[in-house]
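Asker: This is the structure alone, sequence omitted:
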């Protein structure tokens, strides 16, 4: 199934629906497009025509909805399968995705998070940067964190749930990152979330820094909401162990503190340079050790991201070089600024949702009729769990 704010996704949603209906899942497949729109749109007629031709598809307009969470919760009343896949409406899962997800869910996992791959990376500098960054996130950070910290997270799309668990957890519309909030509640309740970098779905990256800023601002502010609400329950949860507790502090507390600590680097270095005495000694052991560690983290992360990247991204080595240089010089601090701004917005109670713009555009080198452009939400549910 799919979740979408239709005015923003009208250009891509038909391709997305066709992609789901072309899935090679061996059992019955139910595809629900749960969407909200403030006004009727011509694309709705196309969706109804597809539903008339293919009974597996159900367009579901959620009246009064203003959020992805409301779309998910409403769609759950119509889901008949044992497992449900949640996707943003620009996502196109690769063949075999539902089958692979079921292998996890039938062997003890409650939620499995897949690998989101940017398919419009060649469009401009912004999409190239995000394409490489997503490999660092989904090919390295998510599976690595799940192993080291003993719990994974659901990132909002290309995630597969046991239907009954999702019905019990549901999504909270007052949270800006309802996906992370639901993840924490699953883990706190003893559920198991795994990350599978081989479970591929392609998506569309924002194409302008303004759109990227708005997207990351929502993520940052939403993460801060989750951190304040869940850091204590995650620390105290039964059976967490030292790995789980360390992971909770690193994921929820350190991520909120670090952007403010990193800000102190600038006045400290300025004072050292402006003072006549004592002379700045660059070879203080602790200073030298921390500097070497800090300067090697970025290259190491980029190298692992490239080595573990999806083949469609791995072939573009320059994208990873761009990511490394940008992160070292400006991109990391740019994201830290967003986190600090998100904290201030949260303290002031400013929680307006800004939709990420999407446009239908075929990526360079893709054959006509291929897929392209991104939307906020989508859900696909096999009617049976057996494959």
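Answerer: Done, it's in. Just so you know, these numbers come straight off a predicted model, no measurement behind them. Numbering: from 1, shown residues only.

Asker: And the pLDDT for residue 4?
Answerer: For residue 4, the pLDDT comes out at 75.

Asker: now it, nearest residue through space, not along the chain?
Answerer: Setting aside the residues directly before and after it, residue 4 is nearest to residue 89 in space (Cβ to Cβ, 6 or more residues apart in numbering), at 3.6 Å. To be clear about C-beta, it is placed using only N, CA and C from the backbone, and glycine gets the same treatment.

Asker: what's near enough to touch residue 225?
Answerer: 175, 176, 177, 181, 346 (Cβ atoms under 8 Å, 6 or more residues apart in numbering).

Asker: Now do the phi/psi pair for the closest residue to residue 96 other than its chain neighbours.
Answerer: When the adjacent residues along the chain are set aside, residue 96 lies closest to residue 24, with 6.4 Å between them (Cβ to Cβ, 6+ apart). Dihedral pair for residue 24: phi -90, psi 20, per degrees, to the nearest 10.

Asker: Around residue 24, count how many other residues there are.
Answerer: Look at residue 24: counted by other Cβ atoms under 10 Å, it has 11 neighbours.

Asker: show me the contacts for it.
Answerer: Applying Cβ under 8 Å, 6+ apart, the residues near residue 24 are 95, 96, 99.

Asker: redo that, cut-off 10 Å
Answerer: By Cβ atoms under 10 Å, 6 or more residues apart in numbering, the contact set of residue 24 is 94, 95, 96, 97, 98, 99.

Asker: Give me the buried entries from the residues you listed.
Answerer: Neighbour-count burial within the contacts of residue 24 applies to 94, 97, 98; the criterion is 16 or more other Cβ atoms under 10 Å.

Asker: Turn those into a markdown table, including secondary structure, pLDDT and distance to residue 297.
Answerer: Listed next are the buried ones among the contacts of residue 24 as a markdown table, based on DSSP: H, G, I helix; E, B strand; the rest coil; pLDDT from 0 to 100; distance: Cβ to Cβ, whole Å:
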| residue | secondary structure | pLDDT | distance to residue 297 |
| --- | --- | --- | --- |
| 94 | coil | 93 | 31 |
| 97 | helix | 93 | 32 |
| 98 | helix | 92 | 36 |
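
Asker: and which of these is nearest to residue 224?
Answerer: Distances from residue 224 to those, taken as Cβ to Cβ, are shortest for residue 97 (31.7 Å).

Asker: Relative to residue 81, how far out is the closest one?
Answerer: 14 Å (Cβ to Cβ, to the nearest Å).

Asker: And residue 7, by the same measure?
Answerer: Computed with Cβ to Cβ, the distance linking residue 7 and residue 81 is 29 Å.

Asker: swap in residue 196?
Answerer: Distance of residue 196 to residue 81, given as Cβ to Cβ: 19 Å.

Asker: These two: who's more crowded?
Answerer: Taking other Cβ under 10 Å, residue 196 and residue 81 do not tie; residue 196 has more neighbours (23 against 19).

Asker: Summarise which helices and strands the helix or strand the more buried one falls within is packed against.
Answerer: Residue 196 belongs to strand 193-203 when elements are defined using DSSP states H and E. Secondary structure elements in contact with strand 193-203, counted by 3 or more Cβ pairs under 10 Å, 6 or more residues apart in numbering; DSSP states H and E, are strand 83-87, strand 92-93, helix 97-105, strand 111-118, helix 125-135, helix 142-149, strand 159-162, helix 178-188.

Asker: okay, now residue 36: neighbour count?
Answerer: Using other Cβ under 10 Å, residue 36 has 23 neighbouring residues.

Asker: what pLDDT does it get?
Answerer: Here, the pLDDT recorded for residue 36 equals 91.

Asker: Could you do the one 10 residues further on as well?
Answerer: Among the per-residue scores, residue 46 holds a pLDDT of 95.

Asker: And for residue 164?
Answerer: Per-residue pLDDT puts residue 164 at 97.

Asker: Check the one 10 residues further on too.
Answerer: In the predicted model, residue 174 carries a pLDDT score of 93.

Asker: JSON lines for the buried ones among the contacts of residue 24, including distance to residue 13?
Answerer: Below are the buried ones among the contacts of residue 24 laid out as JSON lines (distance: Cβ to Cβ, whole Å):
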{"residue": "94", "distance to residue 13": "19"}
{"residue": "97", "distance to residue 13": "19"}
{"residue": "98", "distance to residue 13": "20"}
